[in-house]
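J.: When you get a sec, could you give me coordinates for this:
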Amino acid sequence: MFILPVVILAAASLLIQWYVAAMVFSAIAAFLINFFRDPHRAGSDRHVDVLSPADGTVVQIRDVADGDVWPGLTRQVSIFMSVFDVHVNRAPMTGRIVHYRYSAGKRMVAMSHKSSLDNEQNLIVMTDNRGATLAFKQIAGLLARRIVFDKKEGDEVARGERIGMIKFGSRVDVFFPANAQILVKPGDKPKAGLTVLAEIPE
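T.: Numbering: from 1, shown residues only. Modelled structure (predicted):
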């Protein structure tokens, strides 16, 4: 959708010998191709492992009040996605989507903690066959133009399965129960579908 018109403009500029315009459009096309890349990912299949739903940088790990997001979830890991990260989001575990909610909101800088509360976002809650529950939010950032979520409430998804993306700069927050062992720290750079963010024990 975004890439083809820019490629056509680059080719047309080249044909009519507008070389500066051709270079500009080619650079934009290269950026878009890089942004929308969707590399193959096959991470851990251990049922206790929770994979990162997003590429990016861990910017916050904190405790939240029980019930603020979903009953029983009290640990939060926040991942900031820059425009240079892969923006495809993947299911963090194998299980069923038991709740989905879209909330309209602001477009503040996604690095800010307030973006988790006030920005446009999707909330997705999942449970696995053990009854373990987690939630994650797709949060629009300052440059985000669209949050895409390809699943619906009641769908079964597999760990690492592609479930959507956020176009142009954003953030994903993941919420765990208190007994989860968080395996990342601020500054780490997880990869969606590859990096184990946490373990939820039996």
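J.: domains in this structure, as residue ranges please.
T.: What the record gives for the chain is the domain set 3-35, 49-199, from automatic domain parsing.
J.: Next, the distance between the ends of the longest one.
T.: With Cα to Cα, to the nearest Å as the measure, the ends of domain 49-199 fall 5 Å from one another.
J.: re earlier: mean pLDDT and distance to Ala42 added to the domains of the chain, as TSV?
T.: (C-beta placed from N, C-alpha, C; glycine too.) Converted to TSV, these look like this (pLDDT from 0 to 100; distance: least, Cβ to Cβ, whole Å):
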stretch	mean pLDDT	distance to Ala42
domain 3-35	71	22
domain 49-199	89	7
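J.: what are the ranges of the helices in this structure?
T.: 3-15, 19-35, 115-118 (DSSP state H).
J.: Just the strands from this protein, written as ranges.
T.: Shown for the chain, the strands assigned by DSSP state E span residues 49-51, 57-63, 73-81, 88-90, 95-103, 121-127, 133-140, 146-149, 156-157, 162-167, 170-177, 181-182, 196-199.
J.: Select, out of the ones you listed, the one closest to Ile8.
T.: strand 162-167 (20.1 Å; Cβ to Cβ).
J.: For the closest one, which helices and strands make contact with it?
T.: Contacts defined by 3 or more Cβ pairs under 8 Å, 6 or more residues apart in numbering; DSSP states H and E place strand 162-167 against strand 88-90, strand 133-140, strand 146-149.
J.: quick one, which of those is nearest to Pro39?
T.: Distance to Pro39, taken as Cβ to Cβ, is lowest for strand 88-90 among those, at 8.4 Å.
J.: give me the number of residues near Thr57?
T.: Applying other Cβ atoms under 10 Å, we find 17 residues neighbouring Thr57.
J.: For Gly164, see how far away Asn119 is.
T.: Look at Asn119 and Gly164: by Cβ to Cβ, to the nearest Å, they are 16 Å apart.
J.: hang on, the earlier thing: could you dump the helices and strands packed on strand 162-167 into CSV and include mean neighbour count and distance to Arg101?
T.: Converted to CSV, the helices and strands packed on strand 162-167 look like this (neighbours: other Cβ atoms under 10 Å; distance: least, Cβ to Cβ, whole Å):
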stretch, mean neighbour count, distance to Arg101
strand 88-90, 25, 16
strand 133-140, 25, 10
strand 146-149, 15, 11
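J.: got those strands as CSV, with distance to Tyr102 columns?
T.: Compiled in CSV, those are given as follows (distance: least, Cβ to Cβ, whole Å):
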stretch, distance to Tyr102
strand 88-90, 14
strand 133-140, 9
strand 146-149, 8
